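[1] what follows is a predicted protein model with its sequence.
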Amino acid sequence: MGDRGRVTEQQGSAPSLVRPALADAVDAQAPVALGPPGPLDNPAALKRFFESLAHLDDGSASEDVRVVQFGDSHTAADLETGAVRRALQARFGDGGRGFVAIGRPWKTYIQDGLRAPGMSKEWAAEHGKLEHGKFVGDGCYGLGGVCLLAAKKGARAWADVAVPASRIEVDYWEQPTGGSFELVVDGTAVAKVSTKGKSTASAFKTVDVPDAPHHVEVRTVGDGEVRFFGVSLDRAQLGVVYDALGINGARASTTLQWSEPHFKEQLAHRAPKLVVFAYGTNESADDQPLDVLERQLVDALGRVARAVPSSACLVLGPPDRAIESSSGWMTAPKLENIVDMERNVARAAGCAFYDQLAAMGGPGSMALWADETPPRAQKDHLHLTRDGYSQVGALFSNDMLRAYANWRAETGLSPAQAPPPRPGPPPATPPPPNDAPLGSAPFVATPM
């Protein structure tokens, strides 16, 4: 790698990347813009996804086009995915907010469109854990890989849904010792659900509500244990639904700790047209050999293919990550190797690949973004700020839509609305002084 990913302490006058003028969402009325879709590799793998989008375009769709993204804390923050969601929904229609947890599966649970999530102390979050180097747990934690457990009467978990929803589907675990819970919407109990069954299995209950924001709450009855996975928020109108299923500290291998039959029934029920795998940052910080990481990603993508064989898949490479050395901040040496490995695995698995490192500007970008005023990266040189995530999300969604426009042209379909031309490389300017005031507060970082 040499020095191409290094920003030294002596480079006080080194150029910094100036943010290009990018909207957080795509202009749905923009003219068609054909051309290379940025750092998107093997866009032909997205054919089935593009076909579903085309059905939304021509009015022949009979269901939403759902996208499910699994990932680490970059996904869990739902800042980049939120930008992508809004862009795709502005272009193809808002099919609903999608799958979210109710309550707090972890302390800093954040999702776009969800406000003030919380839960009473009777609930406990469960996602499996390592004890003495061995994974402990049954691996049945729902679509997002984290569930809530409670047996006592009156356990409450809630969230304010700030975006419209007209259909709420609750996702829970059915079991012989299962108890009951009430689904409460805007202060009114709209359903009582028994989770007792002859055997263990995923189960779902759907309730129609007025198309509006809602306060959603789950309350246990106290007649047995309730294992609650979350809710899917849908709308009557057809469009795109984008689920952000990130877990702080997750790796691609995290999905291998889940029960495959359970993962299969959860993902098959969700029936996504596109599955996105967004890992690599945490792998770049551990000492696992690259061939081990490669095998884990292959196995994880294999599970996806077995669960939803008709779905398209995309591997979303990690953004830049910088580490501090004696000569300053530099891109983590292992990161570029992981990007190359993920690209190769994606192509071999018949998936598309998107290079977020390249989208940011290549090695060294994280250090430059962290030095800007206002910054696009946080001081930990690991996470981005809201501005940074929004920009990378806009680049990703623009490139996906450009690839879709290219596909329409190649298949002989009439031109469709598309994003404006992809911006060229941002101009370079000297970085601001170290004591310059910040103009944009970053979100609070949580451990990867």
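    Arrived safely. These figures come from a predicted structure and were not determined experimentally. Numbering: from 1, shown residues only.
[2] so the closest residue to Trp158 other than its chain neighbours, which state does it fall into?
    Of all residues not flanking Trp158 in the chain, Glu217 sits nearest, at 4.0 Å (Cβ to Cβ, 6 or more residues apart in numbering). In short, each C-beta sits where N, CA and C put it, glycine included. Secondary structure, DSSP: H, G, I helix; E, B strand; the rest coil: Glu217 is strand.
[3] what's around Glu217, how many residues?
    Neighbour count of Glu217, defined by other Cβ atoms under 10 Å: 22.
[4] shaky segments in this protein?
    Flagging of the chain using pLDDT under 70 yields the residue ranges 1-34, 129-133, 416-448.
[5] now the helices: where do they sit in the stretch 101-250 of the chain?
    Counting by DSSP state H, counting those that start in this stretch, one finds no helices in the stretch 101-250 of the chain.
[6] tell me where it has strands.
    For the stretch 101-250 of the chain, the strands defined by DSSP state E, counting those that start in this stretch occupy 114-119, 124-126, 129-131, 134-136, 147-150, 156-174, 180-185, 188-194, 201-220, 226-234, 240-246.
[7] repeat for the stretch 301-448 of the chain
    Taking DSSP E, counting those that start in this stretch as the test, the strands found in the stretch 301-448 of the chain are 312-316, 322-325, 328-331, 352-354, 428-429.
[8] can you add distance to Gly187 and mean neighbour count and give those strands back as CSV?
    Shown next, in CSV, are these (distance: least, Cβ to Cβ, whole Å; neighbours: other Cβ atoms under 10 Å):
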stretch, distance to Gly187, mean neighbour count
strand 312-316, 39, 25
strand 322-325, 48, 17
strand 328-331, 51, 21
strand 352-354, 43, 26
strand 428-429, 53, 12
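[9] kindly reformat these as TSV containing distance to Ala44.
    Output for those, formatted as TSV (distance: least, Cβ to Cβ, whole Å):
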stretch	distance to Ala44
strand 312-316	10
strand 322-325	33
strand 328-331	30
strand 352-354	8
strand 428-429	35
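[10] where's the residue nearest to Trp158 relative to Gly179, distance?
    To Gly179, Glu217 is 16 Å away according to Cβ to Cβ, to the nearest Å.
[11] ok, Gly249 next?
    Taking Cβ to Cβ as the measure, Gly249 falls 30 Å from Gly179.
[12] what of Ser327?
    To Gly179, Ser327 is 59 Å away according to Cβ to Cβ.
[13] try Ser202
    Applying Cβ to Cβ to Ser202 and Gly179 gives a distance of 17 Å.
[14] in contact with Gly230, which residues?
    Contact analysis of Gly230 by Cβ atoms under 8 Å, 6 or more residues apart in numbering lists 99-102, 142-144, 170-171.
[15] beta partners for Leu40?
    Per DSSP bridges, the residues bridged to Leu40 are Tyr354.
[16] hang on, the earlier thing: with neighbour numbers in mind, choose between Ser327 and Gly179.
    Just comparing Ser327 and Gly179: by other Cβ under 10 Å the higher neighbour count belongs to Gly179, 22 against 13.
[17] now that one, nearest residue through space, not along the chain?
    Per Cβ to Cβ, 6+ apart, closest to Gly179 is Gly224, 2.9 Å.
[18] burial of that neighbour, as a residue count?
    Around Gly224 there are 17 residues (other Cβ under 10 Å).
[19] for Lys47, same thing?
    Neighbour count of Lys47, defined by other Cβ under 10 Å: 13.
[20] what values do phi and psi take at the residue nearest to Gly179?
    In terms of degrees, to the nearest 10, the main-chain angles of Gly224 are phi 150, psi 180.
[21] what sits against it?
    151, 177-180, 195-196.
[22] tell me the spacing between it and Ala155.
    Counting by Cβ to Cβ, the gap from Gly224 to Ala155 is 12 Å.
[23] swap in His381?
    Relative to Ala155, and taking Cβ to Cβ, His381 is found at 40 Å.
[24] just to revisit the earlier point, out of the strands of the stretch 101-250 of the chain, the one nearest Pro36 is which?
    With Cβ to Cβ as the criterion, Pro36 lies closest to strand 240-246 of the strands of the stretch 101-250 of the chain, at 23.5 Å.
[25] after the closest one, which helix or strand is next?
    Downstream of strand 240-246, the next assigned helix or strand under DSSP states H and E is helix 260-270.
[26] and that following helix, what's buried?
    Using 16 or more other Cβ atoms under 10 Å as the test for burial, helix 260-270 gives 262-267, 269-270.
[27] please give the centre-to-centre distance between that helix and its chain.
    Chain-centre distance of helix 260-270: 18 Å, with Cα atoms, centre = their mean, to the nearest Å.
[28] apart from its chain neighbours, what residue comes closest to Gly239?
    Nearest to Gly239 is Gly93, by Cβ to Cβ, 6+ apart, at 2.8 Å.
[29] how about that neighbour, phi and psi?
    According to degrees, to the nearest 10, Gly93 has phi 110, psi 150.
[30] hmm, it is touching Val240, no?
    Yes. Here Gly93 lies in contact with Val240, judged by Cβ atoms under 8 Å, at a distance of 6.7 Å.
[31] more neighbours, the two?
    Between Gly93 and Val240, Val240 has the larger neighbour count (other Cβ under 10 Å), namely 27 against 19.
[32] thought the more buried one was touching Phe92?
    Yes. Proximity of Val240 to Phe92 meets the contact threshold set by Cβ under 8 Å, at 4.9 Å.
[33] which residues are in contact with each of the two?
    Common neighbours of Val240 and Phe92 (Cβ under 8 Å, 6+ apart) are 53, 56, 65.
[34] the first one belongs to a helix, doesn't it?
    Yes. Checked against three-state DSSP, Leu53 lies within a helix.
[35] what about it, how many neighbours?
    Neighbours of Leu53 under the rule other Cβ under 10 Å: 23.
[36] in this structure it contacts Ala403, no?
    No. If you go by Cβ under 8 Å, Leu53 and Ala403 don't touch, sitting 10.6 Å apart.
[37] now do the contacts for Val207.
    Contact partners of Val207, counting by Cβ under 8 Å, 6+ apart, are 167-170, 183, 185, 190-191.
[38] report the beta-bridge partners for it.
    Ile168.
[39] quick check: it vs His269, distance?
    From Val207 over to His269 the distance is 17 Å, taken as Cβ to Cβ.
[40] quick one: the residue nearest to Ala370 when sequence neighbours are not counted and Lys196, what's the gap?
    For Ala370, ignoring the flanking residues on the chain, the nearest one in space by Cβ to Cβ, 6+ apart is Ala377 at 4.1 Å. Distance, Ala377 to Lys196, using Cβ to Cβ: 49 Å.
[41] same thing with Glu372?
    56 Å.
[42] wait, Ala352 sits on Ala45?
    Yes. If you go by Cβ under 8 Å, Ala352 and Ala45 touch, sitting 4.4 Å apart.
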